[in-house]
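Asks: When you get a sec, could you give me coordinates for this:
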Amino acid sequence: MIEKIFKILDELVEKDVIKDYAVGGATALIYYSAPTLTEDIDVFVHIDPSSQALIDLSPIYEYLIKEKGAQAEGQYLMIYGFPLQFLVPYDDLSREAFSQAVPVSFKTATFKIFRLEHLMAIMIQLRKDKYRERLRVLIKEKSYDEGYLDTIL
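Replies: Here you go, the predicted model:
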């Protein structure tokens, strides 16, 4: 079912609602490590830049609600029972993570996710307790490029 979500996200790009997307957060982390609990799929999007100070995500919501039957629930958009949170890269680190996202395949879908080292750097930056445990596991597994992480940090 989740591959259908990525097909819909691809459609957002095809219909020029967004320019591109990449998955971050715990959903991306699952690709690199043991599954972890997450309540949503963090979808970082590149939208047409404008001179407006505020970023308007309403075209995404409007399209998905009208064309795909999505439902807005708080900060999430529910699609096929999965909560998606649409985010715009918000600082230099998240913009770099977005620009260097790597393509992965899952069943019939291909999509981009943040590199593990960027996910780790973002967890360090956010300083939340839940991320400390995830980082401990990742460091123990040693499945990341230490030099690249050092460069990011």
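Asks: C-alpha only now, for contacts and for neighbours.
Replies: Noted.
Asks: and the closest residue to residue 113 other than its chain neighbours, how far is that from residue 134?
Replies: Spatially, and ignoring its direct neighbours in sequence, residue 113 is nearest to residue 23 (4.5 Å; CA to CA, 6 or more residues apart in numbering). Residue 23 sits 18 Å away from residue 134, going by CA to CA, to the nearest Å.
Asks: So the residue nearest to residue 113, which state does it fall into?
Replies: Assigned with DSSP: H, G, I helix; E, B strand; the rest coil, residue 23 falls in the strand class.
Asks: How confident is the prediction for it, by pLDDT?
Replies: With respect to pLDDT, residue 23 scores 96.
Asks: What residues are bridge-paired with it?
Replies: With DSSP bridges applied, residue 23 shows beta-bridge pairing to residue 43, residue 113.
Asks: re earlier: residue 23 and residue 134: which has the busier surroundings?
Replies: residue 23 (25 against 18; other CA atoms under 10 Å).
Asks: Return the residues in contact with the more buried one.
Replies: With contact set as CA atoms under 8 Å, 6 or more residues apart in numbering, residue 23 has these partners: 41, 42, 43, 44, 111, 112, 113, 114.
Asks: 7 Å - rerun?
Replies: Applying CA atoms under 7 Å, 6 or more residues apart in numbering to residue 23 gives the contacts 42, 43, 44, 112, 113, 114.
Asks: The second one contacts residue 22, doesn't it?
Replies: Yes: between residue 43 and residue 22 there is a contact at 5.9 Å, judged by CA atoms under 7 Å.
Asks: got the phi/psi numbers for residue 105?
Replies: With angles defined as degrees, to the nearest 10, residue 105 sits at phi -120, psi 140.
Asks: got the buried residues for the lowest-mean-pLDDT helix or strand in the chain?
Replies: Here the helix or strand of the chain ranked lowest by mean pLDDT, DSSP states H and E is helix 129-141, holding a mean of 85. Within helix 129-141, the residues scored as buried using 16 or more other CA atoms under 10 Å are 131, 134, 135, 138.
Asks: Show me how far that helix is from its chain's centre.
Replies: 19 Å (CA atoms, centre = their mean, to the nearest Å).
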